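Peer 1: Sharing a sequence plus its predicted fold:
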Amino acid sequence: MIVDYHMHLRNARGELAHDTWAIDPFVESAGEAGVDEIGFTEHIYYFKQTRSLWTVPYHTERCLFDIEAYVSAVVTARDRGLPVKLGLEVDYVPGREEETRELLAPYPWDYLLGSLHYIGGLGVDNEPRLVDAVGVEEAWRVYFETLAAAARSGLFDSLSHPDLVKIFGARAAPFDYGALVAAIADSDVAVEVSTAGLHKPVRELYPHPEFLAACHARDIPVTLASDAHSPDLVGRDFDRALELLGSVGYDTVTVFERRRGRQVPLG
Ligand SMILES: [Zn+2]
Ligand SMILES: [Zn+2]
């Protein structure tokens, strides 16, 4: 089984398209890439229903769409028997856990991704950059501390691009992932192996092999992800992700259904 559990529903021009017809090109592309099942994970901040969670302009400017239309588009495809799952990429906002939970409770998610794109108004992968504001060592410390809190929040089924803080190429090394991996293992959350980083300045998969090996040592389950923002990118570079997973000993991948994960043979 090969899944791609992280993508954003867009038309061929890369525009947001929360319509069920927009799903077919992703399914076709998945078939061509050898991907058995895909999951849509729109950014939570695109929905007007989530407006109260945000303070950063990048988020508040984007709360324009109706979450009902997105959910309905994916659920309609799911009900048609297409191999698609309903997910969401949820920015973790420390201190707003209960509000986040209540906002998302009405919908039939298969899984929720936990992401950190901003911490304290500073961008992990965007301007103004966290790494520039506080330095690399402190950026890594605060990023992974916040990610551990995200894991422990119980809001998420999987952590997306888990070491995103390395995106621009600067790294705190050596870095001890122990406290984070312990938090993840204790929280029954999966970790996403994402090929998106190969196309960023860092030019690496997320997460780093040492991070993933530490996850494997604690039996933390994994998912696979392209983070595609257009249909043609589904399953991109999955040979590299499978190589990494095999190299640290993974032979299963997580399949989610209605927020319950199960392990199936990978490949
Ligand atoms: Zn993301
Ligand atoms: Zn994404």
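Peer 2: Right, received. Where do you want to start? Ligands and ions are numbered 1, 2, ... in the order given.

Peer 1: Which helix or strand contains the closest residue to Asp232 other than its chain neighbours?
Peer 2: Closest residue to Asp232 apart from its sequence neighbours, by CB to CB, 6 or more residues apart in numbering: Ser29 at 5.8 Å. C-betas here are computed from N, CA, C, even on glycine. Secondary structure assignment for Ser29, by DSSP states H and E: helix 23-33.

Peer 1: what's the answer for Glu42, then?
Peer 2: Using DSSP H and E, the secondary-structure element containing Glu42 is strand 37-43.

Peer 1: Which strands and helices lie in contact with that strand?
Peer 2: Secondary-structure packing of strand 37-43 (3 or more CB pairs under 8 Å, 6 or more residues apart in numbering; DSSP states H and E): strand 3-4, helix 23-33, helix 67-79, strand 84-91.

Peer 1: now the angle from that strand to strand 84-91?
Peer 2: For strand 37-43 against strand 84-91, the angle by axes from the mean of the first three to the mean of the last three CA atoms, to 10 degrees is 30 degrees.

Peer 1: picking that back up, the residue nearest to Asp232: how many residues sit nearby?
Peer 2: When counting by other CB atoms under 10 Å, one arrives at 22 neighbours for Ser29.

Peer 1: Against Arg10, how distant is it?
Peer 2: For Ser29, the distance to Arg10 equals 12 Å [CB to CB, to the nearest Å].

Peer 1: Common neighbours of those two, please.
Peer 2: Here Ser29 and Arg10 have Pro231 as joint contacts, going by CB atoms under 8 Å, 6 or more residues apart in numbering.

Peer 1: Next, the buried residues of the helix holding Ser29.
Peer 2: By neighbour count on 16 or more other CB atoms under 10 Å, the buried set for helix 23-33 is Ile23, Pro25, Phe26, Val27, Ser29, Ala30, Ala33.

Peer 1: and of these, the nearest to Phe175?
Peer 2: Nearest to Phe175 out of the buried residues of helix 23-33 is Ala33 (CB to CB; 32.3 Å).

Peer 1: So for that closest one, what pLDDT did the model give?
Peer 2: Looking at Ala33, its pLDDT stands at 98.

Peer 1: Work out for me the element the closest residue to it other than its chain neighbours sits within.
Peer 2: Distances taken as CB to CB, 6+ apart put Gly235 closest to Ala33, at 3.0 Å, once the chain neighbours are dropped. In this structure, Gly235 is located outside every helix and strand according to DSSP H and E.

Peer 1: Next: Glu127.
Peer 2: Using DSSP H and E, Glu127 falls outside every helix and strand.

Peer 1: for it, what are its contacts?
Peer 2: Glu127 makes no contacts at all, as judged by CB under 8 Å, 6+ apart.

Peer 1: Just read off the phi/psi values of it.
Peer 2: Main-chain dihedrals, Glu127, degrees, to the nearest 10: phi -90, psi 150.

Peer 1: Compute the distance between it and ligand 2, please.
Peer 2: Applying CB to the ion, to the nearest Å, the value for Glu127 to ligand 2 is 18 Å.

Peer 1: For that residue, give its distance to Thr60.
Peer 2: 16 Å.

Peer 1: Ser153 too?
Peer 2: To Thr60, Ser153 is 22 Å away according to CB to CB.

Peer 1: and what of His229?
Peer 2: Using CB to CB, one gets 21 Å for the distance from His229 to Thr60.

Peer 1: residues touching the residue lying closest to Ser226 once chain neighbours are set aside, list them.
Peer 2: Among residues not flanking Ser226 along the chain, Arg236 sits closest, at 4.8 Å (CB to CB, 6+ apart). Listed by CB under 8 Å, 6+ apart, the contact set of Arg236 reads Ala33, Thr195, Ser226, Ala228.

Peer 1: since we're on the third one, how many residues are nearby?
Peer 2: Okay, so that is Ser226. 26.
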